[in-house]
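> sequence and predicted structure, then a few things I'm wondering about:
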Number of protein chains: 2
Amino acid sequence: MSEITPSPTARPGQPAFVLVRPQMGENIGAAARAMWNFGLDRMRVVAPRDGWPNERAVALASGAGRLLDDAGLFEDLPAALHDCTYVFATTARDRGLTKPVVTPERAMEQAREIIAAGGKVGVLFGPERAGLENADIAPANAIISVDVNPAFPSLNLAQCVLLCAYEWQRQGSSVPAEVMALAKTDFASTLEVEKLGAHYEERLEEAGFFWPPAKAESMKLTLRNLWGRLNLTRADVQTLHGVMRQMVRWAEGRRKDL
Amino acid sequence: MSEITPSPTARPGQPAFVLVRPQMGENIGAAARAMWNFGLDRMRVVAPRDGWPNERAVALASGAGRLLDDAGLFEDLPAALHDCTYVFATTARDRGLTKPVVTPERAMEQAREIIAAGGKVGVLFGPERAGLENADIAPANAIISVDVNPAFPSLNLAQCVLLCAYEWQRQGSSVPAEVMALAKTDFASTLEVEKLGAHYEERLEEAGFFWPPAKAESMKLTLRNLWGRLNLTRADVQTLHGVMRQMVRWAEGRRKDL
């Protein structure tokens, strides 16, 4: 029941990710990397099989090694969860326990709400081979279950940590779902696109593109519609003007040669 | 430009995940596992560094090896994308290209819409060391960017594949965000909870729990509120009846002994 090292000062605003009896150091290191990829750095470790600190964990965590240095080490799960007010347990299998089962998405949404209201959240991850025991899960408030392919439900420890960390970040992200990256340019105005269309129309008229005459109007409309639909930037418009100017220049050179 | 092996018959309703010039066989195998965890099995491989088939990929893919057997192998990217009508390119860095940048979530939502409308979607993943080149990205319709910790943006190939596959599955999942798993029981009715409350109240009254008398009513209300809030199952109600009955039985035995 006793804590081996003092609990790290819980950084406010983050859940603690608790690795319960992890086996391979490599997986502990990979879990640290997965957490830190999404800005989480409060790791707790309960009774790691190969002792602590773990050289292989440190080697694998490259860049996220600070998480291991700062990790809380605990003899048992109650000690690791001493300050948590809400605990999620991750598990791949149905456990025959009466308990809410939530998606990672909903869990991390709830975690943000609980933490915003002043609570402390723990998320449990079981040992690689068999996962959490039912005795580990019983004290948890809810179960996190990832909706994997039933024919191949083989998420490993670091992958499960990655998905939960990703959902934590995603729930709090201010990044818009879609933006248009503009490379040193801006979208063209309707007038600029109109001028581009007129330029092409004039040159193509000279080149005999709109044939037969009965179809000319509908061919022009098709082209105007194309320019309108393309959502061109100013840079695009300049490029397309240049394309047409060069073709005309080249054609005039050839015609002189003839 | 030429295709080395015939393109696999595209399974309808799935995007193709295209590994572009992957380096380590281990990562190809891990990518296959990540895909198959979420039910995706259409992999295409462009110019893998160490040739094809790749022993280390097969070793790492255990359980998802079929994806490698069925993977389309292509000499170059245009060949790999010959039948795609919409292509996403994953990249960690800003590329200075004018292109829509979407989250994995939005990308897989769009992919489902495009595929439902009869289109074919490709998702490009670059080589481990440097990612996709701008020349690989230019023909793509949009860029997928994961909102990672700017201080540690170190997602590896298989992790990037995992997050995209997870989002594909999540966008199409019929699993509810939250369910209550019930272990061979059902929720108790209000009447059953009422009887439990009455049972406790009666026994606690006899045991002198509601003291001082002036506070008795508010203590009873507190208990009734507790039972109501706990969302008990029938099994829970039986357990709690049993707890109280046993305490009474034990107390009566002790009192006889006195």
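Good, I have the coordinates. Numbers count the residues shown, from 1 in each chain, chains lettered A, B, ... in the order given.
> how about the helices in the stretch 1-150 of chain A?
A:25-37, A:55-60, A:65-70, A:77-80, A:104-116, A:134-137 (DSSP state H, counting those that start in this stretch).
> what does the first one contact?
If I follow you right, that is helix A:25-37. Outside of helix A:25-37, the residues within contact range by C-beta atoms under 8 Å, 6 or more residues apart in numbering or on different chains are A:17, A:19, A:22, A:41, A:43, A:45, A:48, A:50, A:54-65, A:67-68, A:71, A:125, A:128, A:156-159, A:161-162, A:165, B:148-149, B:152-155, B:159. C-beta here means a position set from N, CA and C on the backbone, and glycine is covered the same way.
> how does it look with 6 Å?
The contact list for helix A:25-37 (C-beta atoms under 6 Å, 6 or more residues apart in numbering or on different chains) reads A:17, A:22, A:54, A:56-57, A:60-61, A:64, A:67-68, A:128, A:157-158, A:161-162, A:165, B:148-149, B:152, B:155.
> which of the residues you listed count as buried?
Buried by 16 or more other C-beta atoms under 10 Å in any protein chain shown: A:17, A:22, A:54, A:57, A:60-61, A:64, A:67-68, A:128, A:157-158, A:161-162, A:165, B:148-149, B:152, B:155, out of these.
> of the contacts of helix A:25-37, which belong to strands?
Judged by DSSP state E, those include residue A:17 as members of strands.
> gap between the residue nearest to the spatial centre of chain A and residue B:26?
What sits nearest the mean C-alpha location of chain A, by C-alpha atoms, centre = their mean, is residue A:166, with 5.6 Å. In this view, residue A:166 and residue B:26 are 22 Å apart by C-beta to C-beta, to the nearest Å.
> residues from chain A in reach of chain B?
Counting by C-beta under 6 Å from any C-beta of the partner chain, the residues of chain A close to chain B are A:36-39, A:63, A:96-103, A:106, A:147-149, A:152, A:155, A:159, A:162-163, A:166, A:173, A:175, A:177-183, A:233.
> could you turn the buried ones of the residues you listed into a PyMOL selection?
Buried members of the residues of chain A next to chain B, defined by 16+ other C-beta under 10 Å, are picked up in PyMOL with:
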select buried, chain A and resi 36+37+38+39+97+98+99+100+101+102+103+106+147+148+149+152+155+159+162+163+166+233
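> could I get the helices of the stretch 1-150 of chain A as CSV with mean pLDDT and distance to residue A:206?
Shown next, in CSV, are these (pLDDT from 0 to 100; distance: least, C-beta to C-beta, whole Å):
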stretch, mean pLDDT, distance to residue A:206
helix A:25-37, 97, 58
helix A:55-60, 96, 67
helix A:65-70, 96, 68
helix A:77-80, 96, 79
helix A:104-116, 96, 59
helix A:134-137, 93, 78
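> deepest-packed of these, please.
Sort the helices of the stretch 1-150 of chain A by mean neighbour count, taking mean count of other C-beta atoms under 10 Å in any protein chain shown, and helix A:25-37 sits at the top with a mean of 25.
> give the burial count for residue A:132, as a bare number.
When neighbours are counted by other C-beta atoms under 10 Å in any protein chain shown, residue A:132 registers 23.
> what does the model give it for pLDDT?
As predicted, residue A:132 sits at a pLDDT of 95.
> hmm, residue A:38 is touching residue A:164, no?
No - using C-beta atoms under 6 Å as the test, residue A:38 is too far from residue A:164 to be in contact (8.9 Å).
> follow-up on the earlier one: ok, which of the helices of the stretch 1-150 of chain A comes nearest residue B:210?
helix A:77-80 (32.2 Å; C-beta to C-beta).
> off-centre distance for the closest one?
Between the centre of helix A:77-80 and the centre of its chain there are 31 Å (C-alpha atoms, centre = their mean, to the nearest Å).
> and for stretch A:195-212?
47 Å.
> quick one: contacts of it?
Residues contacting stretch A:195-212 (C-beta under 6 Å, 6+ apart): A:216, A:219-220, A:224, A:227, A:237, A:240, A:244, A:248.
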